[in-house]
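Peer 1: sharing a model that was predicted from the sequence below.
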Amino acid sequence: MTNNTWTLVPLLVGRKHVSCKWVFKIKKGANGEVELYKVILVARGFTRTYKMDYNETFAPVTKFTSICCILALAALEDMEIHQMDVKTAFFNGEFKGEIYMEQPQGFVHQGGEHLVCKLHKSLYGLKQSPRAWNQKLNVFIKSIEFMKSEADPSVYLHKWEM
Amino acid sequence: MKFFIVVYADDLILVCNDQNKLLQIKEELSQKFEMKNLVELHFFLGMEVERNRDE
């Protein structure tokens, strides 16, 4: 793959691979009109077993009270509130371990039907994906001089105020 | 200066009392990850945010 999501390798004896499928979605706007047709490739991570095939999957999720607090503070002090959303966030995550997936339907390499995809980046559907993405983001946010809040691991504060 | 970043999966909220610093951090984030820049917060986790800053 051009974006280095995986490389094709022969599956070693004793290794398992996950299946995958294409998911088609129609995204509708607020008025129900069709806004966009989406297709994503998902790995069927639910076929894996905890401790056997994967270990760490924890990724922090913001506490709702944290959001309320910060918004209240922002209102009180008239701060700027901006929102950003990361496109295909999970593809940013990188795997350290070895995860193999079958070749996606319609994109099987000719003459290499026996090969499997060794994943370098996370895909939707894998148990490890949210964590892989979160760690990548965490490293970057820390590199631009932010610190993780001790009260809520998904909130970061600028170092200067600590 | 106060600056908070709240992360909810692939959504980020940035709160700062210094607009220039905010734009600078947004720029740094956009260079690292492909992002949709949504400017002012409107919807977050099914919540609608409206501000009246004149009062």
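Peer 2: Sure, I can see it.
Peer 1: which SSE is immediately downstream of the least confident helix or strand in chain A by mean pLDDT?
Peer 2: Least confident helix or strand of chain A, by mean pLDDT, DSSP states H and E, is strand A:34-43 with a mean of 79. Following strand A:34-43 in sequence order, the next helix or strand is helix A:64-76 (DSSP states H and E).
Peer 1: run through who's touching that next one.
Peer 2: A:79-81, A:149, A:151-152, A:154-155, B:2, B:4, B:6, B:8, B:13, B:15, B:44-45, B:49, B:51 (C-beta atoms under 8 Å, 6 or more residues apart in numbering or on different chains). Bear in mind the C-beta positions are built from the backbone N, C-alpha and C, glycine included.
Peer 1: from these, which would you call buried?
Peer 2: When the contacts of helix A:64-76 are checked for burial by 16 or more other C-beta atoms under 10 Å in any protein chain shown, the buried set is A:79-81, A:149, A:152, A:154-155, B:2, B:4, B:6, B:8, B:13, B:15, B:44.
Peer 1: what kind of secondary structure is the most centrally placed residue in chain B in?
Peer 2: The residue lying closest to the centre of chain B (C-alpha atoms, centre = their mean) is B:Leu14, at 3.2 Å. What DSSP: H, G, I helix; E, B strand; the rest coil gives for B:Leu14 is strand.
Peer 1: find me the pLDDT at it, would you?
Peer 2: At B:Leu14, the model reports a pLDDT of 87.
Peer 1: now it, nearest residue through space, not along the chain?
Peer 2: Once flanking residues are discounted, B:Leu14 sits nearest to A:His82: 4.8 Å by C-beta to C-beta, 6 or more residues apart in numbering or on different chains.
Peer 1: sheet partners, orientation included, of the helix or strand encompassing the one you found?
Peer 2: Taking DSSP H and E as the criterion, A:His82 maps to strand A:80-86. In the sheet, strand A:80-86 lines up against strand B:11-16 (antiparallel), strand B:35-40 (antiparallel) (DSSP bridges).
Peer 1: correct me if wrong: A:Pro153 contacts A:Ala59.
Peer 2: No: the criterion here is C-beta atoms under 8 Å, and A:Pro153 misses it with A:Ala59 at 9.3 Å.
Peer 1: model confidence over whichever helix in chain A runs longest, on average?
Peer 2: Secondary structure of chain A read by DSSP state H shows that its longest helix is helix A:129-143. Mean pLDDT, helix A:129-143: 85.
Peer 1: quick one: mean pLDDT for the following helix or strand past that helix?
Peer 2: Using DSSP H and E, the helix or strand that follows helix A:129-143 in sequence is strand A:146-148. Strand A:146-148 shows a mean pLDDT of 86.
Peer 1: hmm, who's touching strand A:146-148?
Peer 2: Residues from elsewhere that reach strand A:146-148, judged by C-beta under 8 Å, 6+ apart: A:Asn138, A:Lys142, A:Val155, A:Tyr156, A:Leu157, A:His158, A:Lys159, A:Met162, B:Phe3, B:Ile5.
Peer 1: what do you get for stretch B:47-55?
Peer 2: Under the contact criterion C-beta under 8 Å, 6+ apart, stretch B:47-55 has outside partners A:Leu71, A:Ala75, A:Asp78, A:Ile81, B:Glu40, B:Leu41, B:His42, B:Phe43.
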